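> model this:
(chains A and B)
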Amino acid sequence: MDPEGSRNTVVVSEPDPLIGPGHTLETITEKIGSIVLTRGTTLGWVGGFVVALILFGILNLAMYYLFFVGVGIWGINIPIAWAFAITNFVWWIGIGHAGTLISAFLLLMHQKWRTSINRFAEAMTIFAVACAGMFPLLHMGRPWLFYYLLPYPNPMWLWPQFRSPLVWDVFAVSTYLTVSLLFWYVGLVPDFASLRDRAKNRAVKITYGFFALGWRGSASHWFRYETASMLLAGIATPLVVSVHTVVSFDFTIAIVPGWHSTIFPPYFVAGAIYSGFAMVLTLAIPLRKFYHLEDLVTMRHLDIMAKVMLATGMIVAYSYVVETFMSFYSGNPFDSYMMLNRMVGPYEYVYWTLIACNLAIPQALWARRVRRSVPLLFLISLVVNIGMWLERFVIIAVSLTRDYPPSKWDMYYPTRWDWAVLVGSFGLFFTLFYLFIRFLPMISITEARAMVHETSGAKSHS
Amino acid sequence: MPNIFHRSTNLIARVSIYGLVILLAALTYVLYAIAMSPWYTEQNVAREQPVPFSHRHHAGELGIDCRYCHTSVEKSSFAGLPPTQTCMSCHSQIWTNAPMLEPVRASYREDKSLEWTRVNALPDFVYFDHSIHVSKGIGCTTCHGPIADMPLTYRAGSLYMSWCLNCHRQPEKFVRPKEDVFNPFYQPPSVSNPVKFDGKWYTSQLALGKRAVKQYHIRSLQYCDTCHR
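The predicted structure follows:
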């Protein structure tokens, strides 16, 4: 059976199966495992990896210059002390949330469609958190003293200021990274064992065997694996909500108009999942194309993700409406001026681009034809990614340009180093991601095999 | 299928789980111990000086008042190092030919200051004022240690911020009657050594300290900008 046979098939009457027809346990393992083991390093992979490395090089250069000279190389100054770095931080950490939602929350909800996408979505989470975690440190005046953020025994008897949301951030993000990494690794253990058993080369066998932790696939192994997965999912699920809530506190705790708002926690969480799903689509669509995984990441997967994106996008849209209404209804002149400044101020083009990207264009997803069109979905996912970045920029930087007294108003213009760090963070992300797709199974072999069993069982029922 | 790893790796794997935790804890402890050690802080390490000046001899055995040399301690942030003239006020009369004192005479002859090595030097980002401390009942020996028993001067404290905060958080444990501030032999009150303060005899530092904190209006200043101005 040609595994690509279902590529262009569109079934309208009933939901497509979550896995292409004709797959057996053996073909699944072969298909996913061969990408890592036998396919080797392809030219396309090398090309992409080199581009990623170049961008990563730009990041290194920008960081070297930053550490050498200081944050003055960026466009920030009083009153706009937070701009690109913090925008990038919030954007990247938001990206990660979709991965955790897919892997943990949907596991608890027994949503079967997560199985084909959870592995690389989790990888995306970890790499996005790595990119995000870098920015608050780069943004420090003296980044080499970053460990002052941690409560460690020191001869200064100094503790972090626990009343500051910036410290809550440290705990939120480090917890998030730890739990995501553990969850990812636990899921990978049986797959490492599969790769170990199929590898021919002894060095490869030893490497995968080391990470497989002696997995033999016995019943007690599986029992503990399931227990650990469920426990970690239980721990990770609240993090989907809590991490971005804490991130939103960085702003709401302050009194800047445009920041000081009670709607921020749910608004930020919805925005995080919105942008995260957009990023999952941005990554999934080229992956399934280049590695011919259309029968594992099916149209139905893309369709469901588009629907989640639409739903969270509507929550975000609702938040925009409420935010706009409240700023005028509050009767607070600073609040209403903040909103006017966004709409018709010097950064109006940013605001209206964001409205177009996050609010207007994604409405196309209501149409089934759009959701089933791979190029359009890819395009919309890119648009949402851009829109969500602009949203954070408008909230963070534009609010700071004009807050209370006009005497302290100023403009913010990004410098080339601002852009270099932003572009460079993509370099870090994609370097890690390219290494991931080369050396680890990008779809969970274990869970995809379980799906074969379930779909064949469902067929015999009907 | 043959095993890739030897049986012993099972044990190594289990040990490494606990081992990692223990290793991290041990590493933290070792680093902290190094940071607190005299090897790193130079606490209790006597410094090389151009003239081997003995505080034990001058302040202890001869009983010269601290302020005879450190003249500005009550009025200024800096206690002051004596000019060579202060040394010569005695040494032009006694030990006039002692070879040990030749650098002092040379300094006087050539009108060139002696270059002492500072023993207690705070970093530039710390504001410290001697005058407020001595006028609120903090004795010289509270910070400078048993100065009347130092043949060569060494630093008695680590000069870490924790060392400063230790007193700033609980001044009642260190404060003494003002008239004893410059007494290098002062011992805190105990049953065998009662101390008179404000007309009453005290046998416990805490009781005396609490009374003195109240009387001297000592505020426990712990704001960042108290010292980092």
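
> From here on, just use CA atoms for contacts and neighbour counts.
Fine.

> OK, contacts around the closest residue to A:Met309 other than its chain neighbours?
With CA to CA, 6 or more residues apart in numbering or on different chains as the criterion, A:Met309 has its nearest non-adjacent residue at 5.3 Å, and that residue is A:Tyr274. By CA atoms under 8 Å, 6 or more residues apart in numbering or on different chains, the contact set of A:Tyr274 is A:98, A:308-310, A:312-313, A:384.

> nearest to chain B, of the residues you listed?
Taking CA to the nearest CA as the measure, chain B sits nearest to A:Ala98 out of those, at 30.8 Å.

> The closest one: which element?
According to DSSP states H and E, A:Ala98 maps onto helix A:84-100.

> got the buried residues for the longest helix anywhere in chain B?
Secondary structure of chain B per DSSP state H: the longest helix is helix B:8-36. Within helix B:8-36, the residues scored as buried using 16 or more other CA atoms under 10 Å in any protein chain shown are B:35-36.

> For it, the averaged confidence score.
For helix B:8-36, mean pLDDT is 91.

> distance between it and the chain's centre?
Its chain's C-alpha centre and that of helix B:8-36 lie 35 Å apart, by CA atoms, centre = their mean, to the nearest Å.

> One more: stretch B:173-184?
Using CA atoms, centre = their mean, the distance between the centre of stretch B:173-184 and that of its chain works out at 15 Å.

> So which elements touch the helix holding A:Ala98?
Packing partners of helix A:84-100 (3 or more CA pairs under 8 Å, 6 or more residues apart in numbering or on different chains; DSSP states H and E): helix A:118-138, helix A:219-252, helix A:264-290, helix A:374-393, helix A:416-439.

> Could you point out the helix or strand that follows the strand or helix carrying A:Leu310?
Element membership for A:Leu310 (DSSP H and E) is helix A:299-329. Moving toward the C-terminus from helix A:299-329, the next helix or strand (DSSP H and E) is helix A:333-344.

> as a whole number, average confidence for the very next helix or strand once past that next one?
Counting by DSSP H and E, the next helix or strand C-terminal to helix A:333-344 is helix A:348-355. Averaged across helix A:348-355, pLDDT comes to 96.

> Go through the helix or strand just after helix A:348-355 and flag the buried ones.
On the C-terminal side of helix A:348-355, the closest following helix or strand by DSSP H and E is helix A:368-371. By 16+ other CA under 10 Å, the buried positions in helix A:368-371 come out as A:370-371.

> Helix A:368-371 packs against which elements?
Helices and strands touching helix A:368-371, by 3+ CA pairs under 8 Å, 6+ apart, are helix A:299-329, helix A:374-393.

> Using TSV, please lay out the helices and strands packed on helix A:84-100 together with distance to B:Pro123 and mean pLDDT.
Below are the helices and strands packed on helix A:84-100 laid out as TSV (distance: least, CA to CA, whole Å; pLDDT from 0 to 100):
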stretch	distance to B:Pro123	mean pLDDT
helix A:118-138	26	94
helix A:219-252	33	93
helix A:264-290	43	94
helix A:374-393	40	96
helix A:416-439	34	96
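
> wait, which of those helices is closest to A:Ala199?
helix A:416-439 (12.2 Å; CA to CA).

> got the angle for the closest one vs helix A:118-138?
If you take axes from the mean of the first three to the mean of the last three CA atoms, to 10 degrees, helix A:416-439 sits at 150 degrees to helix A:118-138.

> Now do helix A:416-439: everything it contacts.
Helix A:416-439 is contacted by residues A:35-36, A:41, A:45, A:48-49, A:51-60, A:62-63, A:73-75, A:84-85, A:88, A:123-124, A:127-128, A:131, A:442 when judged by CA under 8 Å, 6+ apart.
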